[in-house]
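A.B. asks: Just the structure for this:
(chains A and B)
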Amino acid sequence: MSSKKQLKTKIRAVGNIKQITRAMEMVAATKMRKTQEVALRARPYAKYALSLLRSLLLLEGGEELRAQSHFFKEVNRKNPCLVVVTSDRGLCGGFNSQVLRAALKFREEYPELSVVAIGKKGKEFFERRDIPVLKSFSDFSEVVTLADVAPVAEFLMTEYAQHRHDTIEFCSTQFVSALFQKVALHRVLPITEDELEKTIQGIIPKSGRYSDIQNVEEKQESVVSLLEPGAKNIFEELVEDLVRVEILHLIFESNASEHSARMFAMKNATDNAEDLEEDLQLLLNKARQGAITQELSEIASAKEALIS
Amino acid sequence: MTFPLLVFAIDREIFAGNAQSLIVPGADGELQILADHTPLIVQLKEGDVRIEGENGITTKLPIAGGVVEVKPHEVVALVNF
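C.D. replies: Numbers count the residues shown, from 1 in each chain, chains lettered A, B, ... in the order given. You can find the predicted model right below:
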């Protein structure tokens, strides 16, 4: 019977898909762990830079420094630059569409905003909708590295320094835990200390692996230090570094979320394939049993006909 | 005499442990930091950082910039490439 043959082919196909999705799930899980590690390795630098910045602000004239710096000025958001962080590849569930939906919503509020797209999916999305993209970055490594992200940070810093935009905002996915990620808007420039601290603290997932790493509070020592070549230069350098670190972290986090989203999408696909395989197997058994029953009754009726 | 030294790049830890001496290219000229140095914050320019570890082995590290903070009990160097 042809339906039996068809069923067998289908079962084999579903089995193959199951194997592939299971492999992809494993790969995504490993990559997620790797990205998390990368993000965690970057923490001490950020922590020390932030505490150093704080002690500079505590020094005499610190407030003045902050007031003079264009990184800290207060602005009305008129002409924001929105950086949308998506992935290069698909097959990761709702990961990209969630980010893009949030970005579109933000755009409704500020129709004048410029879009910077990170990741191919975001770029394609805006191009399809004829939304101009100021610049796009893609083809990052699977586990994003500093070298991938540095050009993004440079570009955004220049844009900001030349006053083309009054704020730089990120629309990206935040990694809460392996099971849960959320899309959030985050203002990178101008800086507020709290936002900066949040990002640095936020590198540690709230639960699951790595969540047991404590956020050790550094106590502020107000030691009077010699400054060379002067507070202003050091301050500017530190602030720039911190902005770079912040951008880096936002992209790291999005990267970890991407892999985790893909892991779950693939897990679902594997589970579905398993269910489907079972259903098909049942159908096949029924068809086979049906064929046997039919054959038996044919033989029986043929025998009846011969005897009578 | 050694002092605790931490050297970090943005994406990784480069050195953590006791050091005998740290030579950095300060913005106003090269300087050497030994144990019990006075508290100091220095901006770095491009050049070589030289770390002499506890065992006397010196590591040379070319950098593009950064900041060194000498605290009373430890020295933290943040370097960029």
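A.B. asks: Quick check on the residue of chain B positioned farthest from its centre: phi, psi?
C.D. replies: Residue farthest from the centre of chain B, counting by CA atoms, centre = their mean, is residue B:11 at 16.9 Å. Note on residue B:11: backbone dihedrals following degrees, to the nearest 10 are phi -110, psi 10.
A.B. asks: Then the one 3 residues further on?
C.D. replies: Dihedral angles phi and psi of residue B:14 (degrees, to the nearest 10) take the values phi -100, psi -40.
A.B. asks: Can you give me the neighbour number for it?
C.D. replies: By the criterion of other CB atoms under 10 Å in any protein chain shown, residue B:14 has 16 neighbours. (C-beta placed from N, C-alpha, C; glycine too.)
A.B. asks: any idea how far the closest residue to it other than its chain neighbours lies from residue B:13?
C.D. replies: Excluding its sequence neighbours, the residue lying closest to residue B:14 (CB to CB, 6 or more residues apart in numbering or on different chains) is residue B:7, at 4.3 Å. Per CB to CB, to the nearest Å, residue B:7 is found 7 Å from residue B:13.
A.B. asks: How about residue A:177?
C.D. replies: With distances taken as CB to CB, residue A:177 is found 25 Å from residue B:13.
A.B. asks: same check, this time on residue A:152
C.D. replies: Distance from residue A:152 to residue B:13, by CB to CB: 23 Å.
A.B. asks: and chain B, which residues reach chain A?
C.D. replies: By CB under 8 Å from any CB of the partner chain, the residues of chain B that approach chain A are B:6, B:8-13, B:26-28, B:38-43, B:65-67, B:69-72, B:76, B:78, B:80.
A.B. asks: Which members of the residues you listed occur in strands, if any?
C.D. replies: B:6, B:8-9, B:12-13, B:26, B:40-43, B:65-67, B:69-70, B:76, B:78, B:80 (DSSP state E).
A.B. asks: ok, which residues in chain A are in contact with chain B?
C.D. replies: Counting by CB under 8 Å from any CB, chain A sits next to chain B at A:38, A:41-42, A:44-45, A:48-49, A:52, A:56, A:145-146, A:221, A:223-229, A:233-234, A:237-238, A:241, A:244-245, A:248.
A.B. asks: Using PyMOL, define a selection of the buried residues within these.
C.D. replies: To isolate the buried ones among those in PyMOL, judged by 16 or more other CB atoms under 10 Å in any protein chain shown, type:
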select buried, chain A and resi 38+41+42+44+45+48+49+52+56+146+225+227+228+234+237+238+241+244+245+248
